[in-house]
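Chemist: please find the sequence and the predicted model below.
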Amino acid sequence: MGFYREQVLPRLVDRACRSSSLDCWRAEVTEGLTGRVVEVGFGSGLNADYYPAEVELVLAVEPAAIARKLAEKRITRSAVAVEHVGMDGQSIPLDDNSCDSALSTFTLCTIPDVRQALNELRRVMRPGARFHFLEHGLAPDPAVATWQRRLEPWQRRFADGCHLTRDPVAIVSEAGFTIEHIEQRYAKGPKAWSWFSAGTATSPR
């Protein structure tokens, strides 16, 4: 799985996640980001075209070398500077209270200890800062959820630990963030993978 995980999967994720059908979602979730933004799961830089002018610097956390390589052209053409600062969202090498905003897109589904990652985000975000997230997760329809549970062992095996049945809104709330806004609906595509949650939450003051 080493070659597949390191060389093949990042390219597959890049191809799947750069669908034009996701453009509106990325534009929505990045709206309102300001100042120094820590982005966990930066991937191949697919959000780079959507950072608003109020963003001064994006501090990228991304483990996959191929994804970082794929991101180079997107970073170059971006009006916002991007600095790669770490590889593990569970241990972010940034100072306490040093970020004005945080961003995560299609990442909370995969991080092994997602609660630790959210604790790290809380640590590096200033009090009252806003966390923007766009994630897929557990669908509200029982029939779809049943299929998600059946497919999840295969999904985790072939998508580097990606879960289909995590509830991102509940996870963010349980980590101590206050949900400020949330929009949930099916995106285009198979329902087991396309129940999306786009929202913002504030860190504790």
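Modeler: In hand now; what should we look at?

Chemist: so the nearest residue to Glu174 once chain neighbours are set aside versus Thr34, what's the distance?
Modeler: Excluding the flanking residues, the one nearest Glu174 by C-beta to C-beta, 6 or more residues apart in numbering is Arg115, at 7.4 Å. Bear in mind the C-beta positions are built from the backbone N, C-alpha and C, glycine included. Distance from Arg115 to Thr34, counting by C-beta to C-beta, to the nearest Å: 26 Å.

Chemist: the residue nearest to Glu174 belongs to a helix?
Modeler: Yes: secondary structure assignment (DSSP: H, G, I helix; E, B strand; the rest coil) places Arg115 inside a helix.

Chemist: what is the neighbour count of it?
Modeler: 14 (other C-beta atoms under 10 Å).

Chemist: which residues of this protein fall in helices?
Modeler: Counting by DSSP state H, the chain has helices at residues 2-3, 9-17, 23-30, 65-77, 114-124, 142-158, 168-174.

Chemist: mind putting these in CSV, mean pLDDT and distance to Ala102 included?
Modeler: Shown next, in CSV, are the helices of the chain (pLDDT from 0 to 100; distance: least, C-beta to C-beta, whole Å):
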stretch, mean pLDDT, distance to Ala102
helix 2-3, 85, 30
helix 9-17, 93, 19
helix 23-30, 97, 11
helix 65-77, 96, 18
helix 114-124, 97, 5
helix 142-158, 97, 25
helix 168-174, 98, 11
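
Chemist: tell me the most buried of these?
Modeler: Burial of the helices of the chain is given as mean neighbour count (mean count of other C-beta atoms under 10 Å); helix 114-124 ranks first at a mean of 20.

Chemist: which other helices and strands does the lengthiest strand in the chain contact?
Modeler: Determined from DSSP state E, the single longest strand within the chain is strand 125-136. Where contact means 3 or more C-beta pairs under 8 Å, 6 or more residues apart in numbering; DSSP states H and E, strand 125-136 is packed against helix 23-30, strand 99-105, helix 168-174, strand 195-202.
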